[in-house]
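Trainee: Build me a structure from this.
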Amino acid sequence: MEKPKQKKNVDPKFKRCPECFAKLPLNATTCHSCKQKVEEADKYGLAKKPVNWSGYITVIGLWLALGLYLWWAFF
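Mentor: Residues are numbered from 1 along each chain as shown. Next up, the predicted model:
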């Protein structure tokens with residue numbers, strides 16, 4: 001005998017912060033508890049985290065700098 005699947009109650013008027021799970025209004029752009037930026041909510045009511053593009057660009061730049069340094073030092 002299988003257990004019936006339980007539906008989680010998702011409140012369509014609110015979303016949850018992905019960091020601290022605080023309840024936020026749908027139009028909120030930052031969390032009032034932890035001050036993190038949030039985007040729109042997914043189908044489970046959890047807000048999405050915005051992509052940190054500056055972090056990706058910094059890492060790519062550092063890898064290029066390391067590659068250039070190694071090329072300059074050893075070739």
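Trainee: This protein: helices as residue ranges?
Mentor: Taking DSSP state H, the helices of the chain run over residues 53-74.
Trainee: where does it have low pLDDT?
Mentor: Scanning the chain for pLDDT under 70 picks out 1-10.
Trainee: Next, name the residue at the spatial heart of it.
Mentor: Lys49 (2.3 Å; C-alpha atoms, centre = their mean).
Trainee: distance of that one from Cys34?
Mentor: Distance of Lys49 to Cys34, given as C-beta to C-beta, to the nearest Å: 12 Å. The C-beta positions use only the backbone N, C-alpha and C, and glycine is treated the same way.
Trainee: Please enumerate the shared neighbours of these two.
Mentor: Common neighbours of Lys49 and Cys34, using C-beta atoms under 8 Å, 6 or more residues apart in numbering, are Glu19.
Trainee: Which residue, other than its chain neighbours, is closest to the residue nearest to the centre of the chain?
Mentor: Pro18 (5.2 Å; C-beta to C-beta, 6 or more residues apart in numbering).
Trainee: Who are the contact partners of the one you found?
Mentor: Shown in contact with Pro18 (C-beta under 8 Å, 6+ apart): Gln36, Val38, Leu46, Ala47, Lys48, Lys49.
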